[in-house]
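Peer 1: What follows is a predicted structure for the sequence shown.
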Amino acid sequence: MTGIEILGYSACAVTALTFLPQVIKTWKEKSAKNVSLMMFIIAFINEVMWIAYGVFRDDMVIIVTNVIMIIMCSVMISLKMKYKNV
């Protein structure tokens with residue numbers, strides 16, 4: 001693995017952690033009252049576009065990063081829907 005690949009996968013790991021604190025907080029508190037659903041919908045759409053771009057570029061760092069991010073977005077959207085009245 002080259003230094004550039006290590007940098008890319010390291011950036012992937014940090015990016016993948018972006019939404020994790022919010023997911024954990026929402027899960028623990030069982031409340032998504034102050035979470036913006038629209039932000040996560042926009043982020044979801046963004047991740048889909050990045051995955052497509054990564055596929056066209058044949059870039060696994062981009063693909064892996066955004067697959068993880070789309071999972072996080074999906075979890076947050078699900079939690080927001082589950083706790084919408086809380």
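Peer 2: Sure thing, it's come through. The structure displayed is predicted, hence computed values, not measured ones.
Peer 1: Can you report how many residues lie near the residue lying closest to residue 48 once chain neighbours are set aside?
Peer 2: Nearest non-adjacent residue to residue 48, counting by CB to CB, 6 or more residues apart in numbering: residue 70, 6.8 Å away. The way it works is simple: take the backbone N, C-alpha and C, and place the C-beta from them, glycine included. Applying other CB atoms under 10 Å, we find 18 residues neighbouring residue 70.
Peer 1: likewise residue 43?
Peer 2: Look at residue 43: counted by other CB under 10 Å, it has 19 neighbours.
Peer 1: Give me the nearest residue to it, chain neighbours excluded.
Peer 2: Nearest one to residue 43, counting by CB to CB, 6+ apart, is residue 73 at 5.0 Å.
Peer 1: Mind giving me the packing neighbours of the host helix or strand of the one you found?
Peer 2: If you go by DSSP states H and E, residue 73 is part of helix 60-82. When contacts are defined as 3 or more CB pairs under 8 Å, 6 or more residues apart in numbering; DSSP states H and E, helix 60-82 packs onto helix 3-16, helix 20-29, helix 37-57.
Peer 1: Rebuild the ones you listed as TSV, extending it with mean pLDDT and distance to residue 80.
Peer 2: Shown next, in TSV, are the helices and strands packed on helix 60-82 (pLDDT from 0 to 100; distance: least, CB to CB, whole Å):
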stretch	mean pLDDT	distance to residue 80
helix 3-16	90	20
helix 20-29	94	8
helix 37-57	96	5
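Peer 1: can you tell which of the ones you listed is closest to residue 83?
Peer 2: For the helices and strands packed on helix 60-82, the distance to residue 83 is smallest for helix 20-29, at 7.0 Å, taking CB to CB.
Peer 1: any idea of the angle the closest one forms with helix 60-82?
Peer 2: Orientation check (axes from the mean of the first three to the mean of the last three CA atoms, to 10 degrees): helix 20-29 against helix 60-82 gives 30 degrees.
Peer 1: Tell me which residue is most central in the protein.
Peer 2: Centroid-nearest residue in the chain: residue 69, 2.1 Å away (criterion: CA atoms, centre = their mean).
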